[in-house]
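Trainee: Sequence and predicted structure are below.
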Amino acid sequence: MATASKIVTLNSTNSKDITSTESGIKLLSEFSHNVQNRGVTSEPRTLQALTAKYRVTSVNVADILPDSRCKRNQETLILPKNTAEIRYMAGSPDPQENTDPCLITVAWDDAPEPAVQDDPQATAKSVAVAPYSEMYQGYCASRKVTDEHWFEPCYQKYVTKYDGNPTWNYYAIDAYNTCVNTDEWTLLVSCGRGQQVDSPASTQWLDRAPLADQLGTGCRSISLSLGMGPISLGGSTNHCDLQRIYVYPEAGKMSSYWKGDSANGTRATRHRASVKAGQDDGRPVWTNWFNAKSCRADLYPLSCS
């Protein structure tokens, strides 16, 4: 991952677990309501299931990333409890986007994947099965900035089953970020999401979608179809305004950003990446990041630059 201007890893000394508090329970309920309204049916619905899966963390960004030029307050973060590490960054991991010191990026590492063989055909002596895609993991996260903004990244991971290749297994990630601005004094101007593979070392690029920036105004359907070895993972998304796409040499490293000017509205960005990994090397372990930018020129002109 490219270096941001400053990176702070969250721990018990610079953040607080508020999952079981009244405010934490309320935030989990609101988070669940938000993702269910967006059609993410895989997320738990009951409070018991939510508290078993997620941790609600309170972070004072002004303390861990102080900058007198920027408005930084207390905020909350919701991520699965088994997340390996959570980092707050001043700026963006994307060099083209890392020009605003007031931008905050949250990055996290997923827990290591179980040692499983994702291509049963490689060892089975039975009749061959036609290859197909299978979603094996997915979740949403959330960052709530004061009372005005929700930023909610999600992903789904896919594997090609019965690919028939004795050397490689094929994987894909569907990554998106929904940004909601309800502050009447600010404009949402950017909503970003990215990821890359940390391991195994054998992982290599396969395909990505969209292939390039999406220019223009208004809303339109964008193809998310991409190859996963012998099959394709189809689909599309509805995107409004401008979308920036950044792709890097590292396996699976890609990000996308919605760009526009939205007052009191909801905007999103979405992309997919597919990779191949050695047959017996295990599933890819991903690092993820997301950010969003709101602009208020009267008090914080730097946020609009």
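Mentor: Structure received. Residues are numbered from 1 along each chain as shown.
Trainee: Quick check, Asn181 in contact with Trp258.
Mentor: No - Asn181 is not in contact with Trp258 according to Cβ atoms under 8 Å; the separation is 11.8 Å. C-beta here means a position set from N, CA and C on the backbone, and glycine is covered the same way.
Trainee: Without its sequence neighbours, what residue ends up closest to Ala111?
Mentor: Asn82 (4.3 Å; Cβ to Cβ, 6 or more residues apart in numbering).
Trainee: What's the first helix or strand after the lengthiest helix in the chain?
Mentor: Counting residues, the longest helix in the chain under DSSP state H turns out to be helix 22-37. Sequence-wise, the next helix or strand downstream of helix 22-37 (DSSP states H and E) is helix 47-53.
Trainee: for whichever helix or strand comes after that following helix, packing partners?
Mentor: Per DSSP H and E, the first helix or strand lying C-terminal to helix 47-53 is strand 54-60. Counting contacts by 3 or more Cβ pairs under 8 Å, 6 or more residues apart in numbering; DSSP states H and E, strand 54-60 is packed against strand 15-17, helix 22-37, strand 74-80.
Trainee: Need the three-state assignment for the residue sitting nearest the centre point of the chain.
Mentor: Centroid check for the chain by Cα atoms, centre = their mean gives Pro153 as the closest residue, at 4.4 Å. Under DSSP: H, G, I helix; E, B strand; the rest coil, Pro153 falls in the strand class.
Trainee: Quick check: beta-bridge partners of it?
Mentor: Asn177 (DSSP bridges).
Trainee: Surely Ile173 touches Gln195?
Mentor: Yes - taking Cβ under 8 Å as the definition, Ile173 is a contact partner of Gln195 at 6.1 Å.
Trainee: what sits in contact with each of these two?
Mentor: 155, 252, 273, 286 (Cβ atoms under 8 Å, 6 or more residues apart in numbering).
Trainee: out of the residues you listed, what pair is the most spread apart?
Mentor: Spatial extent of these (Cβ to Cβ) is set by the pair Tyr155 and Gly252 at 11.7 Å.
Trainee: out of the two, which sits in the more crowded spot?
Mentor: Gly252 (26 against 21; other Cβ atoms under 10 Å).
Trainee: Am I right that the more buried one falls within a strand?
Mentor: No - membership of Gly252 in a strand is not supported by three-state DSSP, which gives coil.
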